[in-house]
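> predicted model, plus sequence, below.
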Amino acid sequence: MREPWQPATEDIELAQVMHALADPVRLEIVARLARTPGLACTAAASGIDLHKSTMSHHYQVLREAGVTLTRLDGRTRLVELRRDDLDARFPGLLDAVLTALAHRTAARA
């Protein structure tokens, strides 16, 4: 199995990051990865009622935008946020997104 393509830190573009974060499912994945770094794709998707191919698409969008890093561990794909890379390119963006998600979740409770 080959390593998935991921942009270098200097190639991460704001428009692609914002597009990746514009989808509610991808926001949920980002929130889960913020709480528990290095999750397997199947664990991060647990409880999200979508087909496996749709979830793969969401992971691909996040990875290719530079929001997440995917690494292979045997046959398992582990996913984590590229927090340091995003903070280097767009300081405070990820924290703002996660804070907004936390406020939205608290307002719904």
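That came through, no problem. Numbers count the residues shown, from 1 in each chain.
> so what does the helix ranked longest in the chain touch, helix or strand wise?
Secondary structure of the chain per DSSP state H: the longest helix is helix 93-108. Applying 3 or more CB pairs under 8 Å, 6 or more residues apart in numbering; DSSP states H and E, one finds that helix 93-108 makes contact with helix 24-35, helix 83-89. Any C-beta I mention is one placed from the backbone N, CA and C, and that applies to glycine too.
> deepest of those helices, which one?
When you average the neighbours per residue for each of the helices and strands packed on helix 93-108 (mean count of other CB atoms under 10 Å), helix 24-35 leads with a mean of 17.
> next SSE after it?
Toward the C-terminus, helix 24-35 is succeeded by strand 39-40 as the next helix or strand (DSSP states H and E).
> can you pull out the residues in contact with that next one?
Defining contact as CB atoms under 8 Å, 6 or more residues apart in numbering, one finds that strand 39-40 is touched by Arg32, Leu33, Thr76, Arg77, Leu78, Val79, Glu80.
> now with 10 Å, please.
Strand 39-40 is contacted from outside by Ile29, Arg32, Leu33, Ala45, Ser46, Asp73, Thr76, Arg77, Leu78, Val79, Glu80, using CB atoms under 10 Å, 6 or more residues apart in numbering.
> out of everything not next to it in sequence, what's closest to the second one?
Think Arg32. Ala44 (5.2 Å; CB to CB, 6 or more residues apart in numbering).
> and the gap between the one you found and Leu21?
For Ala44, the distance to Leu21 (CB to CB, to the nearest Å) stands at 15 Å.
> okay, those two: which has more neighbours?
More crowded of Ala44 and Leu21, by other CB atoms under 10 Å: Ala44, with 25 against 19.
> distance of the more buried one from Thr76?
12 Å.
> pLDDT below threshold where in this protein?
1, 109 (pLDDT under 70).
> what separation do you get for the nearest residue to Val97 once chain neighbours are set aside and Leu69?
Closest residue to Val97 apart from its sequence neighbours, by CB to CB, 6+ apart: Leu21 at 5.9 Å. Separation of Leu21 from Leu69 (CB to CB): 16 Å.
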